[in-house]
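K.L.:
let's see this in three dimensions:
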Amino acid sequence: MNEVITTLSAKRRERQMKAERNLLRELPVEVLKKSFQSHFGSFRINGGAWMEQGIEEGCYDVAIEAYLLGGHYSRFGYYGEPAEQAKKRCETELKHITDTLYNFWLYWTFGNDTMQESIYYTCEQFADYFWSYGFKKGEQRRKLRLH
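P.N.:
Down below sits the predicted model:
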């Protein structure tokens, strides 16, 4: 008789992956595209269409990370904690996401200090937007008991 022994951490990781997959179903690609255009549409990218597509896809990756982080912390909102207070709980992770996106943009664009500051604030707003979006969707899923 073969018994499969699973550890608590493996079960926890499996449950987390299932929750993330379900949460990602609530994130339409159109939202990613529109948000990319509204946040970064004004920045000039050197290198043509291939380069632009690569940068756009990199931004999508970061947006998904911020979205999942917001969805994960939505459990605090479900129990009555305001979104801003829940966001403070994951301040370090959200800053890391923002910094990753900013460094990605710095690598592919060139500009003066003023432009770099503008890029940073835009990256911060982009990550914050998707964190909030994930938080809201996660709260909705919990209220509907879909988590």
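K.L.:
could you say which helix or strand holds the most centrally placed residue in the chain?
P.N.:
Centroid-nearest residue in the chain: residue 66, 1.8 Å away (criterion: Cα atoms, centre = their mean). Taking DSSP states H and E as the criterion, residue 66 maps to helix 48-78.
K.L.:
mind checking the SS state of residue 26?
P.N.:
Under the three-state scheme (DSSP: H, G, I helix; E, B strand; the rest coil), residue 26 adopts coil.
K.L.:
how close does it get to residue 77?
P.N.:
Counting by Cβ to Cβ, to the nearest Å, the gap from residue 26 to residue 77 is 15 Å. In this view, the C-beta of every residue, glycine as well, is placed from N, C-alpha and C.
K.L.:
just to revisit the earlier point, check the gap between the spatially closest residue to the residue nearest to the centre of the chain that is not a sequence neighbour and residue 23 for me.
P.N.:
Nearest non-adjacent residue to residue 66, counting by Cβ to Cβ, 6 or more residues apart in numbering: residue 130, 3.9 Å away. To residue 23, residue 130 is 12 Å away according to Cβ to Cβ.
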